[in-house]
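1. no FASTA, just this:
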């Protein structure tokens, strides 16, 4: 499955930047994180190296939830915990119902052969 380069969230477009170092995913003091949002640049950074596609999507959903919480001024007593729980629930729902799915490499090869 191809990872998105941008997403539209509540009518705003956010660019997604994938990085190979967990410290590069943090906009602040260089902590090791899986993802973060830069509000000034409308950009989401996602740490990608050595992670499965489902785990990466869970992080994308997590950061999207942060954007939704902040944009809608949702009163979440513990925003980080709320985003973590909701992203896990949505990730499970999307994968278990086939909305998100891994790309079949064999199918991709066959499609390429048909084009040529």
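-> Arrived safely. What you see is a predicted model; the values in this text were computed from it and never measured.
2. element containing the closest residue to residue 79 other than its chain neighbours?
-> Distances taken as Cβ to Cβ, 6 or more residues apart in numbering place residue 69 nearest to residue 79, at 5.7 Å, with adjacent residues excluded. (Glycine included, C-beta is placed from N, CA and C.) Element membership of residue 69, judged by DSSP states H and E, is helix 53-71.
3. That helix: how far from the chain's middle?
-> 5 Å (Cα atoms, centre = their mean, to the nearest Å).
4. With adjacent residues omitted, what lies nearest to the spatially most central residue of the chain?
-> Closest to where the C-alpha atoms of the chain average out (Cα atoms, centre = their mean) is residue 60, at 1.3 Å. Distance criterion Cβ to Cβ, 6+ apart; nearest residue to residue 60, sequence neighbours excluded, is residue 46 at 6.2 Å.
5. So which bits of the helix or strand hosting the one you found are buried?
-> Assigned by DSSP H and E, residue 46 falls within strand 43-47. Neighbour-count burial for strand 43-47 flags 44, 45, 46, 47 (criterion: 16 or more other Cβ atoms under 10 Å).
6. And stretch 28-38, by the same measure?
-> Those buried within stretch 28-38 under the rule 16+ other Cβ under 10 Å are 33, 34, 35, 36, 37.
7. just the helices in this protein please.
-> Assignment of helices within the chain using DSSP state H yields the ranges 53-71, 79-96, 105-115.
8. Lowest average pLDDT across those helices?
-> The minimum mean pLDDT among the helices of the chain belongs to helix 105-115 (a mean of 58).
9. Report pLDDT for the nearest residue to residue 23 once chain neighbours are set aside.
-> Leaving aside its sequence neighbours, residue 23 sits nearest to residue 30 (Cβ to Cβ, 6+ apart; 4.7 Å). What the model reports for residue 30 is a pLDDT of 76.
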